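# below are the sequence and a predicted model for it; my questions follow.
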Amino acid sequence: GGGGLKVGVLGAGVVARLITGMIMDVMEQGEIEEVRVWSRTKGNAEGMRDVVEVDKGVSLVVCDGCKEAVEGCDLVFTVTPSRVGLVENVDWLKGNAIVVAVGSDTPGKRELGVGVVDDIITHGTVISDTIPNVVKLGECQYLPPSLHNKIITFGDVLTGKVGVGEGRVLVDFTGVGAQDACIAGKV
């Protein structure tokens, strides 16, 4: 490979396409080597070819399973309406992977399997948009309350109040008005 980032995307619907397109827009040529996509609908995953910049040397790999889509990736986006953990084991994730969980935005939804969030918060970092939202609606709804105090906010990271440590990072955003307005402006 060319040494660029490997990006894994679970889901290939409208939001997954928007996020992948935005990543392509902000990264310099050569910074992304490969985008690995899994979708329940293989045709949707194949359809990501018009978003992934294959003409600029980024390879698109359509995967048959979630493990294949996330293994070895530096950056993982989960963008599905799943109610079961698609990333079943934390060991599927690279030791310093950044996982951006987008799909879990209501009670009962989840994309990360049992124990995955617990492991990341114990050995890495969990960043939220708002803590009260993610413990009710996001992947963090599955954390024991004793671990809620380890969740940090994106605002605290941006202002330098807290840093991101070693290990995996989970970005658990459930959506707040300003984010939603920004994304809507891109549609």
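Thanks, I have it.
# run through the protein and note the low-pLDDT ranges.
Residue ranges of the chain with pLDDT under 70: 1-2, 176-187.
# same thing but 50
178 (pLDDT under 50).
# for stretch 47-58, which positions count as buried?
47-48, 51-53, 58 (16 or more other C-beta atoms under 10 Å). Every C-beta, even on glycine, is put in place using the N, C-alpha and C of the backbone.
# could you dump these into a markdown table and include secondary structure and distance to residue 128?
Putting the buried residues of stretch 47-58 into a markdown table (DSSP: H, G, I helix; E, B strand; the rest coil; distance: C-beta to C-beta, whole Å) gives the following:
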| residue | secondary structure | distance to residue 128 |
| --- | --- | --- |
| 47 | helix | 31 |
| 48 | helix | 27 |
| 51 | coil | 27 |
| 52 | coil | 28 |
| 53 | coil | 30 |
| 58 | coil | 30 |
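# which one of these is nearest to residue 26?
Nearest to residue 26, judged by C-beta to C-beta, of the buried residues of stretch 47-58 is residue 53 at 12.0 Å.
# ok, the closest one - contacts?
24, 32 (C-beta atoms under 8 Å, 6 or more residues apart in numbering).
# report how many residues lie close to residue 114.
For residue 114, the neighbour count with other C-beta atoms under 10 Å is 12.
# going forward, the N-terminal residue is numbered 97.
Okay, using 97 as the starting number, the last item reads as residue 210.
# that one contacts residue 238, doesn't it?
Yes. Counting by C-beta atoms under 8 Å, residue 238 is a contact partner of residue 210 at 7.3 Å.
# quick one: contacts of stretch 120-130?
97-103, 119, 147-149, 152-157.
# all helices for the chain, in order.
110-122, 138-142, 162-166, 212-219, 227-230, 250-254, 273-282 (DSSP state H).
# adding distance to residue 263, write those helices out as TSV.
Formatted as TSV, the helices of the chain follow (distance: least, C-beta to C-beta, whole Å):
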stretch	distance to residue 263
helix 110-122	22
helix 138-142	29
helix 162-166	16
helix 212-219	5
helix 227-230	19
helix 250-254	15
helix 273-282	25
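# and those helices as CSV, adding mean neighbour count and distance to residue 184?
Output for the helices of the chain, formatted as CSV (neighbours: other C-beta atoms under 10 Å; distance: least, C-beta to C-beta, whole Å):
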stretch, mean neighbour count, distance to residue 184
helix 110-122, 17, 20
helix 138-142, 16, 19
helix 162-166, 21, 7
helix 212-219, 20, 8
helix 227-230, 18, 21
helix 250-254, 13, 27
helix 273-282, 10, 28
